[in-house]
Every structure is written in structure tokens, then in C-alpha cells.
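Visitor: Model the following, please.
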Amino acid sequence: MEAYTGVGLGAFWLAKEKLLFFSSISNPPDLGITRALHLLGFSFEENVTSDPTRPPFEQLRSDLAGSAAVLGPLDMGYLTHNPLHQRMMGADHFILAIASRRMAY
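Guide: Residues are numbered from 1 along each chain as shown. Okay, here's the model as predicted:
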């Protein structure tokens, strides 16, 4: 999957931070995931929310009743299951969501 995104196939130097960043500066991860899923033959619908204070939980609940969903990019700083989450503000992450019998948000 990652190879099909084309995202992890590049690298660039951040001179100010003196950091080599392994990613493709010209291919954002969300576009790369879309490309990879198309290349793999998946059909899907993409949705975007414009209001970060109102997550579309009802829409997600409805979507998960029929299939899995890729969520992201999510700010890793808010993924509190990771003990280092406070150091990861601003870093992107994508997750695969599936319905459970008990869905509580």
C-alpha cells in the first residue's frame, strides 16, 4: 500500500531544522492514499469535513454500517493511546476504522 501511494518514496532536506525528511514533498499522503486505492482496484467515496469542531460522527456511523473507512489525516498529537502523543502534534496519521457491535463516541 505504501509503495503505491508514492509518499514514502521521496526525501528532502529541511535546512533550518537540519533534518532529512522521508516523504514526497510533492505528493501529500491523502492524495497518495487515494491514488493507491484506485490502483488496487477499490471503489470508494471520499468525504471531507470543513468544521474541525464538529466531527461527522453520524455520517461515519452510517458509513461504517456498510464498510470500513480510512480516516485521516489525523493529528497524532490527539491520538492519546500512544504514550508519546504529546510530542507528535502536527504529525499526520491514517487509520482504518471498522464497525464494532458497541460503537460509543
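Visitor: do you know how far A69 is from F12?
Guide: 31 Å (Cβ to Cβ, to the nearest Å). From N, CA and C alone the C-beta is placed, and that goes for glycine too.
Visitor: The two - which one has more neighbours?
Guide: Neighbour tally, A69 and F12, criterion other Cβ atoms under 10 Å: the higher count belongs to A69, 18 against 13.
Visitor: need the contact list for the closest residue to the more buried one other than its chain neighbours.
Guide: Closest residue to A69 apart from its sequence neighbours, by Cβ to Cβ, 6 or more residues apart in numbering: A97 at 4.7 Å. Contacts were defined as Cβ atoms under 8 Å, 6 or more residues apart in numbering; by that measure A97 touches L60, L64, A68, A69, V70, L71.
Visitor: per-residue confidence at the first one?
Guide: If I follow you right, that is L60. Looking at L60, its pLDDT reads 92.
Visitor: would you say it is within a helix?
Guide: Yes - secondary structure of L60 (DSSP: H, G, I helix; E, B strand; the rest coil): part of a helix.
Visitor: residues in contact with it?
Guide: Contact partners of L60, counting by Cβ under 8 Å, 6+ apart, are A69, L71, A97.
Visitor: Among these, name the ones in strands.
Guide: Mapping the contacts of L60 onto strands (DSSP state E) picks out A69, L71, A97.
Visitor: Closest one of those residues to D30?
Guide: Nearest to D30 among the ones in strands among the contacts of L60 is L71, at 10.8 Å by Cβ to Cβ.
Visitor: Done for today, thanks.
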